[in-house]
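Chemist: I'd like to go over a predicted model; first the sequence, then the structure.
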Amino acid sequence: MSYQLSAVVADVELLREQTAGLDHAVLAALRQDFALLPVTPQLVEELTGGLPDFTTGEPSAEQPFQLVLSPALSELLARWSRPGPVAYLEAEFAGGLGHQAAAVWLGGEPSWGPCFDDRLDRPRAEWPINAALARLGVEPGPWIDPFAELGLHLERETAGWLAHGRRGLSADYWDELADEWELRQSDQHQQPPRPGPVGDWGIA
């Protein structure tokens, strides 16, 4: 099963303030009062006044993101980070193969990354997205890592996150559906469909 992510993640109130009035900004709720802003070509154009640029080859440590973070976009993320940390996250997986990358801005300047990994053979806490989320202040919880703790496994592509945000869904939407479903069933051992794990790097 495939997974794709291109998004800014930060405190929900920070993102609400920074994106107020933007036509193409859609915030999707995550746990712990964080939110995810799907990064679409339309949003990049609205933010920077220019069309986005993408790498022609496969992402690598030298060019970690498929979306080229232009000076205008990097400066905008830096400005957003003045009141609190802001992360840009990318990931793409299919058939168990892929990559993830992340960078964090804080106090108006880059503070960490970009970090890229296409092997994920290090401890889970050192994977780029988990490391970035820890720098945002994500707290440990019952889930296997910060990625799952915030609910980044709930949608598998940008279109899903856009729908998630436009419908005003919570990060616990699927769990709430499951609880609702269980109440209607006579057989307590039946279970509704739930989002599957994201390969071997999302949730256990």
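Modeler: Yep, that arrived.
Chemist: For the protein, which segments count as strands?
Modeler: Secondary structure of the chain by DSSP state E: the strands cover 3-11, 28-29, 34-38, 86-94, 97-106, 109-117.
Chemist: Can you add mean pLDDT and give the ones you listed back as a markdown table?
Modeler: Below are the strands of the chain laid out as a markdown table (pLDDT from 0 to 100):
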| stretch | mean pLDDT |
| --- | --- |
| strand 3-11 | 97 |
| strand 28-29 | 97 |
| strand 34-38 | 98 |
| strand 86-94 | 96 |
| strand 97-106 | 96 |
| strand 109-117 | 97 |
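Chemist: right, so of the ones you listed, which gets closest to residue 150?
Modeler: Closest to residue 150 of the strands of the chain, according to CB to CB: strand 34-38, at 5.7 Å. Heads up, the C-betas are built off the backbone N, CA and C, glycines and all.
Chemist: Which residues does that closest one contact?
Modeler: Under the criterion CB atoms under 8 Å, 6 or more residues apart in numbering, residues 6-12, 15-16, 19, 25-30, 43, 136, 138, 150, 152, 158, 161-162, 165 lie in contact with strand 34-38.
Chemist: go again using 6 Å as the cut-off
Modeler: Applying CB atoms under 6 Å, 6 or more residues apart in numbering, the external contacts of strand 34-38 come out as 7-9, 12, 15, 27-28, 30, 150, 158, 161-162.
Chemist: Of those residues, which pair is most distant in space?
Modeler: 12 and 158 (18.8 Å).
Chemist: Of the contacts of strand 34-38, which is the most crowded?
Modeler: Neighbour counts for these (other CB atoms under 10 Å) peak at residue 28, which has 29 neighbours.
Chemist: Give me the distance between that one and residue 21.
Modeler: According to CB to CB, to the nearest Å, residue 28 and residue 21 sit 18 Å apart.
Chemist: Ok, residue 134 next?
Modeler: According to CB to CB, residue 134 and residue 21 sit 31 Å apart.
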